[in-house]
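1. make a model of this:
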Amino acid sequence: MAGAESGGGVRQATGRQAPRSQLRKATLAASIGNFVEWFDFGFYGYLATTIAVVFFPGEGSLAGLLATFAVFGAAFLVRPLGAIFFGSVGDRLGRNKVLAITILIMSAATFLVALLPGYRTIGIAAPILLLVLRLVQGFAAGGEPGGAATFLAEYAPSRRRGTYVSMWHVSSFAALVCSSGLVLFLHEVMTSEQLLAWGWRIPFLLALPAGLIGLYIRLRVEDTPEFRVLQSESATAQSPLRELIRHDLPSLVRVFFLAAIQQFGFYTVFVYLASFLQVEGGFSAGFGTLVTVLAVVAAMIAVMPFGALSDRVGRKPVLVGSCVVLAVGAVPLMRLAGSGSPTAVVAAALLLAVTVGAFMGASAPAYPEQFSTRRRYAGMSLAFGLAAAVFGGTAPYLSTFVTDRLSDPLAPGYLLVAFALVSLIAGLTLRETAYRSLDEL
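-> Okay, the predicted model is just below:
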């Protein structure tokens, strides 16, 4: 397809790019929804021990925590369904329309969690309603990562795509900084009784105004230059999912396995670790949250430089190198995290965080680059959503369960090694996609 102008934006095949002002708006629009998504998922994980008491008070401490993480993981099980639905609509009707819908649904479902009575008030209905709202949130979130990455990839200049698309992950980490910082603040200013009675609701209440702000921003940004050209040529896919299965099955499988260590590593280091330090390390909830905040900040700082590095040396060297470091270092670093020394815990968390952040910096552009514009939203969403369901949402539960069964606090480290090797194999089979325009790909 030849390059063409559409609505002030120009296809990358022409060698030109969207105006800088549009690029800034697109970056903000894509990032804000991702921020809302991870703000919710972050503080749910950080407040897991409190939520367990509110919604599962009849269980023992471990059983209640496992039940809380099971509800956490259930939201990921419906992500592939949301990815299929919203990804297909996004490829047929437009990226910005779908991104506006997903942020509205996500923020509304999260807000409603804040209004739920606890188990002691309405009994078994409380955890059931919590599960329903988490499923709604997870369904909408299935269309968020693929849409945000696609939106940024199709707006970004070809030779700086890694830099711009990695902003997708920067917004994730910024959300975790805010959510973990808020939880840390609540632990400092509230008693345990106040936190159980009403304090845990505060982060959930904030989701609605944040979502409305994001909705306003997204509605003010026009669709990507790439998609507008497809529309002008009446070349959009009528059945993106069918085309994906027919033409892009190897890419779907490759991205799915490539994302294994990102998903499991992300939730292990930035969500599960806080609970691990409390249950296995004997540290306070406040210290566990503080360590998580430091780890998230370190990863947030690392993501964009490694995204930029992948623009210079290629995606594969950064992805493969990160997997090798995790495969070799995960177990020793988890041993440090469980040593009981605060200094060792912080050092281990920072090293794990930077390595996961390096992988995410290069994977952010690599994922959408594997699919054509006609099927990019659906392909990216489906592969990433499946990986989130299989490797991500199960991470806190799996780590807690395996640690208990093996009576070995290093169990999360063994799991990290296994998933790093899975992603390493996928990374070695990846085609190099840096430097090239989306039309060439």
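2. only the buried residues of the helix or strand in which Ala327 is found, if you could.
-> Using DSSP states H and E, Ala327 falls within helix 315-337. Going by neighbour count (16 or more other CB atoms under 10 Å), the buried part of helix 315-337 is 315-323, 325-327, 329-331, 333-334, 336-337. C-beta coordinates here come from the backbone N, C-alpha and C atoms, glycine included.
3. distance-wise, check the residue nearest to Gly146 when sequence neighbours are not counted relative to Leu230.
-> Leaving aside its sequence neighbours, Gly146 sits nearest to Ser381 (CB to CB, 6 or more residues apart in numbering; 2.9 Å). To Leu230, Ser381 is 17 Å away according to CB to CB, to the nearest Å.
4. which one of those two has more residues nearby?
-> Ser381 (34 against 21; other CB atoms under 10 Å).
5. the more buried one: what's it in contact with?
-> By CB atoms under 8 Å, 6 or more residues apart in numbering, the residues touching Ser381 are Gly82, Ala83, Ile84, Phe86, Gly87, Gly90, Gly142, Gly143, Pro145, Gly146, Gly147.
6. what's the closest of the residues you listed to Arg431?
-> Gly146 (19.4 Å; CB to CB).
7. what number of residues lie near the closest one?
-> Neighbour count for Gly146, taken as other CB under 10 Å: 30.
8. just checking, next helix/strand downstream of the helix or strand where it lies?
-> Assigned by DSSP H and E, Gly146 belongs to helix 144-155. Next in sequence after helix 144-155, counting helices and strands by DSSP H and E, comes helix 161-165.
9. show me how far the following helix or strand past that following helix is from its chain's centre.
-> Per DSSP H and E, the first helix or strand lying C-terminal to helix 161-165 is helix 167-189. Between the centre of helix 167-189 and the centre of its chain there are 14 Å (CA atoms, centre = their mean, to the nearest Å).
10. equivalent analysis for stretch 273-291, please.
-> 22 Å.
11. again with stretch 186-194
-> 28 Å.
12. returning to that earlier point: could you say what helices and strands the helix holding Gly146 packs with?
-> With contacts taken as 3 or more CB pairs under 8 Å, 6 or more residues apart in numbering; DSSP states H and E, helix 144-155 sits against helix 20-46, helix 79-93, helix 95-114, helix 161-165, helix 167-189, helix 225-232, helix 342-369, helix 376-387.
13. can I get it in PDB, CA atoms only?
-> This file holds the C-alpha atoms of helix 144-155, laid out as PDB (Å, rounded to 0.1, in the frame of the first residue of the first chain):
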ATOM      1  CA  GLU A 144      -5.900  -2.400  27.100                       C
ATOM      2  CA  PRO A 145      -2.300  -3.500  26.700                       C
ATOM      3  CA  GLY A 146      -2.700  -4.500  23.100                       C
ATOM      4  CA  GLY A 147      -4.400  -1.300  22.300                       C
ATOM      5  CA  ALA A 148      -1.900   0.900  24.100                       C
ATOM      6  CA  ALA A 149       1.100  -0.800  22.500                       C
ATOM      7  CA  THR A 150      -0.500  -0.700  19.100                       C
ATOM      8  CA  PHE A 151      -1.500   2.900  19.400                       C
ATOM      9  CA  LEU A 152       2.100   3.900  20.400                       C
ATOM     10  CA  ALA A 153       3.800   1.700  17.800                       C
ATOM     11  CA  GLU A 154       1.700   3.100  15.000                       C
ATOM     12  CA  TYR A 155       2.300   6.700  16.000                       C
END
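14. what's the average pLDDT for it?
-> Helix 144-155 shows a mean pLDDT of 91.
15. the inter-axis angle of that helix versus helix 167-189?
-> Here helix 144-155 runs at an angle of 140 degrees relative to helix 167-189 (axes from the mean of the first three to the mean of the last three CA atoms, to 10 degrees).
16. tilt between helix 144-155 and helix 225-232?
-> Using the same axes, to 10 degrees, helix 144-155 lies at 90 degrees relative to helix 225-232.
17. helices and strands around the helix holding Ala327, which ones?
-> helix 260-267, helix 273-279, helix 285-313, helix 342-369, helix 411-428.
18. buried sites along the second one?
-> Using 16+ other CB under 10 Å as the burial criterion, the residues of helix 273-279 that qualify are Leu273, Ala274, Ser275, Phe276, Leu277, Gln278, Val279.
19. tell me which two of the residues you listed sit farthest apart.
-> Leu273 and Val279 (10.9 Å).
20. what stretches of the stretch 151-300 of the chain score poorly on pLDDT?
-> When the per-residue scores of the stretch 151-300 of the chain are filtered using pLDDT under 70, no range remains.
21. between the helix holding Ala327 and helix 285-313, how many degrees?
-> Using the same axes, to 10 degrees: helix 315-337 against helix 285-313 is 160 degrees.
22. now helix 315-337, how far from the chain's geometric center?
-> On CA atoms, centre = their mean, the centre of helix 315-337 falls 19 Å from the chain's centre.
23. which pLDDT value goes with the closest residue in space to Phe55 that isn't next to it in sequence?
-> Spatial nearest neighbour of Phe55, chain neighbours left out: Pro127 (4.7 Å); criterion: CB to CB, 6+ apart. You'll see Pro127 listed with a pLDDT of 83.
24. which parts of the strand or helix carrying Pro127 are buried?
-> Here Pro127 sits within helix 125-141, counting by DSSP H and E. Under the neighbour-count criterion of 16+ other CB under 10 Å, helix 125-141 has 126-127, 129-130, 133-141 buried.
25. columns distance to Gln262 on top of the residues you listed, output as JSON lines?
-> What follows is the buried residues of helix 125-141, written out as JSON lines (distance: CB to CB, whole Å):
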{"residue": "Ala126", "distance to Gln262": "33"}
{"residue": "Pro127", "distance to Gln262": "30"}
{"residue": "Leu129", "distance to Gln262": "31"}
{"residue": "Leu130", "distance to Gln262": "27"}
{"residue": "Leu133", "distance to Gln262": "26"}
{"residue": "Arg134", "distance to Gln262": "22"}
{"residue": "Leu135", "distance to Gln262": "23"}
{"residue": "Val136", "distance to Gln262": "25"}
{"residue": "Gln137", "distance to Gln262": "21"}
{"residue": "Gly138", "distance to Gln262": "18"}
{"residue": "Phe139", "distance to Gln262": "21"}
{"residue": "Ala140", "distance to Gln262": "21"}
{"residue": "Ala141", "distance to Gln262": "16"}
